[in-house]
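1. what's the 3D shape of this:
(one chain, ligands or ions: 1)
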Amino acid sequence: MTGVGAARVSRIPGAQERSCCCPVCGTAVQAEPLEHSNDSSLYACSSCDLHFWYPVETPGAEWYEAAYQGRDSTAMPLEPGHLFFLNDERAPKKGRLLDVGCGTGNFLAAARDRGFEVTGIEQDRNAVQFAKDHYGLMNIAAELPEDHLRLNNIGRYDIVTFFEVLEHQKDPQAFLETARSFLVPNGYIGLSVPNRNRWQIGMDTLDYPPNHLTRWSPRALQSFLEHNGFEVISIRPQRLTVWRAAQMLSALTRIGAASYVAHEKTPTIADFASLPIDEVRLKNDRLKRDKRQRLAASLAAWKVRFLTLPAFFLLPFLRLRGFVGLYLYCLARRKRPASESDINAESFAEAKGRL
Ligand SMILES: [Zn+2]
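-> This next block holds a predicted model:
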């Protein structure tokens, strides 16, 4: 998830303070922001440890379709969060599974092949079409979680998964409440987010609004889930990999050769935030055809490949120093309410209150 190029972001000593509240625990944050990006600022909650951007708006399906062009029509390998879940001994091995933000359906297809009864929802219509055509997934729709909940799906699923989805939510609290409403009593959630405590040299340009709206540490994630009626079963930072170490070594030894070859600055997610959707689409199309951009991307990729050898030898030392990989995985179980009658009353009252 590391982008290439530099986003229009600055560190801001003594920046203007804005009074705002943590979207997870509600604590009013008075401290100065950590960073700015376009019109948003990054704040740290002293109470629950979440870092969040404010003010922000969720960009909507059309923006993702324009900004993620290409990534929503490709068969991607399984991500670390997917593999953590599928190989987690404490995770369920069968049942009705809903994947929220299922992308092109690679995880759903793998879960189906292992015996789960799978359903997926995803905002990006191109990705949904790809999942149907490429993997033959039929129970998949381009709809929002709240729309799916309206269709008689309260208390329907044994497992709800959302990999690399939580950090895109403007209101993580409302998102988790919706996810919980999908679950049977004692149902499970499996998820992953980018780990804020990962080894990061320079900036991860995808980690800015309107793409990512929050940044999670293990402490912030655990506290969030426990305060919302979940028992955390496992929470695991991804180990530092050779590839990730090579990417960071590449960032450490940046000399600007790729930028020189590209001739034109590669736009970042933060740059796309300030453009109309049609312009994002046009710019993406043009850059994909631009030979200099393709050559620059190829040079950058070859540099990382070259650095995998030194990264391999440095890896034990880096791990000993406590450097971890990009992802943070978590498995949690919905706590059972006091009595069976409370379950239905609680589920329906909560869900209907929001619909
Ligand atoms: Zn908080």
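2. Hmm, Ala220 is touching Cys48, no?
-> Yes: in this structure Ala220 lies within contact range of Cys48 using CB atoms under 8 Å: 5.7 Å. Backbone N, C-alpha and C define where each C-beta goes, glycine included.
3. which neighbours do these two share?
-> Residues within reach of Ala220 and of Cys48 at once, by CB atoms under 8 Å, 6 or more residues apart in numbering, are Val24.
4. ok, the two, which is more surrounded?
-> Taking neighbours as other CB atoms under 10 Å, Ala220 and Cys48 compare with Ala220 leading, 26 against 18.
5. for that one, helix, strand, or coil?
-> The three-state assignment at Ala220 reads helix, by DSSP: H, G, I helix; E, B strand; the rest coil.
6. Roughly how far does it sit from Leu108?
-> Distance check for Ala220 against Leu108: by CB to CB, to the nearest Å, it reads 28 Å.
7. Over to Ala251?
-> The spacing between Ala251 and Leu108, counted by CB to CB, is 33 Å.
8. Pull the distance from stretch 116-132 to the chain's centre.
-> Using CA atoms, centre = their mean, to the nearest Å, we find the averaged C-alpha position of stretch 116-132 to lie 17 Å away from the chain's own average C-alpha position.
9. All further residue positions should be reported with the first residue as 5.
-> Sure, I'll start counting at 5 from here, so that last one is stretch 120-136.
10. residues making contact with it?
-> Contacts of stretch 120-136 (CB under 8 Å, 6+ apart): 64-65, 68-69, 72, 76-78, 98-109, 112-113, 115-116, 141-149, 152, 161, 163.
11. which residues touch the residue in the stretch 205-354 of the chain positioned nearest to the ion?
-> The shortest separation between the stretch 205-354 of the chain and the ion is 7.6 Å, found at Ala224 (distances taken as CB to the ion). Under the criterion of CB under 8 Å, 6+ apart, the contact list for Ala224 reads 28, 49, 52-55, 200.
12. right, and out of these, which lies closest to Glu83?
-> For the contacts of Ala224, the residue nearest Glu83 by CB to CB is Arg200; the value is 17.7 Å.
13. from memory that closest one sits against Arg223, does it?
-> No: look at Arg200 against Arg223 with CB under 8 Å: they stay out of range, at 9.8 Å.
14. who's more crowded, these two?
-> More neighbours surround Arg200 than the other of Arg200 and Arg223, with 20 against 14 (other CB under 10 Å).
15. Skipping adjacent residues, who's closest to that one in space?
-> Across the structure, with CB to CB, 6 or more residues apart in numbering as the measure, the residue nearest Arg200 apart from its sequence neighbours is Arg219 (4.3 Å).
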